[in-house]
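> next come a sequence and a model predicted from it.
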Amino acid sequence: MERLRADAVVIGSGAGGGPAAASLAESGRRVLVLEAGPSLGTADFNGREGEMLARLFHNTAVEGTGQAIYAGACVGGSTVVNDALCWPTPPEVLAAWRDEHGLDGLRPDRWDPWVGQAWRDVHASPVTPGRVNKNAARLAEGADRLGWANEGMHRNVAGCSNQGLCNFGCPTGAKQSTLLTYVPRAQRAGAQVLAETRAERIVLEAGAVRAVEARRADGARVRVETPLACAAAGVLETPALLLRSGLGERNPNVGRGLQLHSSLYVAARFPEPVHGYYGPTMLWGITEFADVFGHGGPGFMLENTAVHPVATAMALPGFGSRHEAAMRALPYLARTVVLLRDRARGRIELDAAGRGRFHYALRAEDLARLREGVVAAARCYLAAGAEEVYLPLLEHAPLVREDQIDTVLPERLTPAGLAGLYAVHLFGGAAMGRTPERAVCDVRGAVFGATGLYVVDGSALPTNTGVNPQITILANALRITTGIGA
Ligand SMILES: Cc1cc2nc3c(=O)[nH]c(=O)nc-3n(C[C@H](O)[C@H](O)[C@H](O)COP(=O)(O)OP(=O)(O)OC[C@H]3O[C@@H](n4cnc5c(N)ncnc54)[C@H](O)[C@@H]3O)c2cc1C
Ligand code: SF4
């Protein structure tokens, strides 16, 4: 076994791990980043959908329902494959973390500066009119006609050239993922990144971190002696890593409290070409139905999304000739995500091979609100002049009029009857809270009863955020790691 030594080990290099590595390295520590995925650069991102999906993504399915969960799996993590949308942490979410989860320290005056720091570090910037592609414009038009609140969202890009390949790694280097921001900053401050090296276990002795054990892609084993470990392997892996390290025996909350933004697609065919594969993959949001930022809605967002061939084919209804007909209309399709702020809670356990197994059952009220979201998306596209609307059902004739929605869409949705139920916004499993009776780590991200172990990724968040979460995760990682040893 190869033996190494570091002042700090950061496990993962995405929205949590990137800033953690930069902040710890810039504080003078010798930092080693263990990243399970490969190290690819901008030149490797060739925009081929099938190839990039296979090389850059990690996915799993919820037990029983098959709901797909996706994350990035390379240096830079999900920030390499995400859509670059940026939202600050909603004040309602922060208030709930204080009032319901005992995180009294997270007052706006202590939290907002970290959001501001992350915002600047990744160059979050408003969408300018020249970037609004027809795909986004169709959603905005429908919302305007119906009088619904809608807006262009901020994106973390610098010099975006509208290629629409954000989910396959930006081939121009415009998207300011952690691969291009925090990871190079960490390296300039002396951090070493071991790619294709998967952390298997954090070794604790007498309640304190002693080492992290990992395995390289070629099977070679590595042990890094360290007094400080930051878990940032994402919700797909951090709770499982803590369980593999025996922390579940000390604290039953490890793996509990999983929460998602469950999502569905609605597509619509317009008489004029939309060419929804060009331009930023996502940029326009209907906020009318959100329950954050002062909106008192049921708790979902509608956000336009690209119509890449593979992803669109997976989500369009029908089989055989009906599916083929829908796919032939690809240049005329616009598409939106219905992004739900779930109220369900799930849990992560280990399977016999030590991998995470996800249990998550949407509540009846979640499915009812998802249905509301699908109806709103269909109404929006019809108001914008769509000739046909495709709902996220396995099989149905496309809608051409609003009064058909209730006959086509079952009154009660079930996960089994939905096409393409998925989530890419993942929260919890090792959440912050006031006491070990209710949480895994404290407000500083420090794991209860394990000196030197911190959780700095999406797993640390006590609830979902109601909007795209990367800025919240970046900010929290900066806050936690700047506080270590301060
Ligand atoms: C397709 C997609 C689109 C999205 N769009 C947006 C968006 O537009 N805006 C937004 O705000 N959010 C978006 N998100 C969500 C956002 O990117 C994530 O919430 C955020 O990146 C999660 O940060 P994280 O640190 O928890 O995990 P990640 O960023 O996923 O990083 C985890 C890293 O850990 C590595 N890893 C896993 N296991 C191990 C192990 N055992 N050892 C070492 N390394 C390990 C992984 O390879 C990965 O690199 C999107 C996500 C996806 C997948
Ligand atoms: S749209 Fe902009 S951010 Fe997305 S891949 Fe193209 S250049 Fe990169």
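Cool, got the structure. Ligands and ions are numbered 1, 2, ... in the order given.

> once you drop chain neighbours, what's closest to the residue sitting nearest the centre point of the chain?
Taking C-alpha atoms, centre = their mean, the centroid of the chain lies closest to residue 425, which sits 3.3 Å from it. Among residues not flanking residue 425 along the chain, residue 261 sits closest, at 3.9 Å (C-beta to C-beta, 6 or more residues apart in numbering). In short, each C-beta sits where N, CA and C put it, glycine included.

> looks like the one you found contacts residue 339 (just checking).
Yes. The pair residue 261 / residue 339 is scored as a contact, 5.2 Å apart, by C-beta atoms under 8 Å.

> okay, and the common contacts of the two?
Listed as contacting both residue 261 and residue 339 by C-beta atoms under 8 Å, 6 or more residues apart in numbering are residue 425.

> which residues does the closest residue to residue 393 other than its chain neighbours contact?
Excluding the flanking residues, the one nearest residue 393 by C-beta to C-beta, 6+ apart is residue 317, at 5.3 Å. Residues counted as contacts of residue 317 (C-beta under 8 Å, 6+ apart) are 323, 326, 390, 391, 392, 393, 394, 395, 396, 398, 419.

> against residue 226, how distant is residue 45?
In this structure, residue 45 and residue 226 are 32 Å apart, going by C-beta to C-beta, to the nearest Å.

> what about the strand or helix carrying residue 313, average pLDDT?
Residue 313 is part of helix 309-315 when elements are defined by DSSP states H and E. Helix 309-315 comes out with an average pLDDT of 88.

> now what about the helix or strand that comes right after it, what contacts it?
Remark: after helix 309-315, the chain's next helix or strand is helix 320-328, criterion DSSP H and E. Here helix 320-328 makes contact (C-beta under 8 Å, 6+ apart) with 267, 269, 309, 312, 313, 316, 317, 318, 390, 398.

> then stretch 168-180?
13-15, 17-19, 40-42, 44-49, 52-53, 56, 74-77, 79-82, 84, 121-123, 156-161, 163, 165-166, 474.

> apply 7 Å and report the result again.
Stretch 168-180 is contacted from outside by 13-15, 18, 40, 42, 45-47, 49, 52, 56, 75-77, 79-81, 84, 122-123, 156-161, 163, 165-166, using C-beta atoms under 7 Å, 6 or more residues apart in numbering.

> do you know the pLDDT at the residue nearest to the centre of the chain?
On pLDDT, residue 425 comes in at 98.

> same question, the one 4 residues further on
At residue 429 the predicted local confidence, pLDDT, stands at 98.

> wait, what's in contact with it?
235, 238, 239, 255, 257, 258, 348, 459.

> inside strands: which ones of these?
257, 258, 348 (DSSP state E).

> measure the closest residue to residue 1 other than its chain neighbours to residue 91 for me?
What sits nearest to residue 1 in space, not counting adjacent residues and going by C-beta to C-beta, 6+ apart, is residue 221, at 4.4 Å. Using C-beta to C-beta, residue 221 is found at 46 Å from residue 91.

> list the contacts for the residue in the stretch 1-150 of the chain positioned nearest to ligand 1?
The minimum distance from the stretch 1-150 of the chain to ligand 1, using C-beta to the nearest ligand atom, falls at residue 14 (2.0 Å). With contacts defined as C-beta under 7 Å, 6+ apart, residue 14 is in contact with 72, 76, 77, 78, 79, 178, 232, 234, 457.

> how about the fifth one, nearest residue that isn't a chain neighbour?
Nearest non-adjacent residue to residue 79, counting by C-beta to C-beta, 6+ apart: residue 177, 3.9 Å away.

> for that neighbour, helix, strand, or coil?
coil (DSSP: H, G, I helix; E, B strand; the rest coil).

> so how far is residue 122 from it?
8 Å.

> those two: who's more crowded?
Neighbour count, other C-beta atoms under 10 Å: between residue 177 and residue 122, residue 177 has more, with 32 against 28.

> from residue 470, how far off is that one?
According to C-beta to C-beta, residue 177 and residue 470 sit 9 Å apart.

> please apply the same query to residue 34.
Distance, residue 34 to residue 470, using C-beta to C-beta: 21 Å.

> between those two, who's got more neighbours?
residue 34 (31 against 28).

> can I assume residue 230 sits in a strand?
Yes. When three-state DSSP is applied, residue 230 is found to be in a strand.

> okay, now it: neighbour count?
30.

> and for residue 98?
By other C-beta under 10 Å, neighbour count at residue 98 equals 16.

> gap between it and ligand 2?
35 Å (C-beta to the nearest ligand atom, to the nearest Å).

> equivalent analysis for residue 457, please.
For residue 457, the distance to ligand 2 equals 23 Å [C-beta to the nearest ligand atom].

> which residue packs closest to that residue, ignoring adjacent ones?
residue 16 is the one closest to residue 457 (C-beta to C-beta, 6+ apart), at 2.9 Å.

> need phi/psi at the one you found.
Residue 16 has phi and psi values of phi -90, psi -50 when expressed as degrees, to the nearest 10.

> what of the one 3 residues further on?
Per-residue torsions, residue 19: phi -60, psi -30 (degrees, to the nearest 10).

> that one against residue 182, yeah?
Yes. Judged on C-beta atoms under 7 Å, residue 19 makes contact with residue 182 at a distance of 4.8 Å.

> which one of the contacts of residue 429 is nearest residue 100?
residue 257 (12.0 Å; C-beta to C-beta).

> quick check: that closest one touching residue 345?
Yes. If you go by C-beta under 7 Å, residue 257 and residue 345 touch, sitting 5.8 Å apart.
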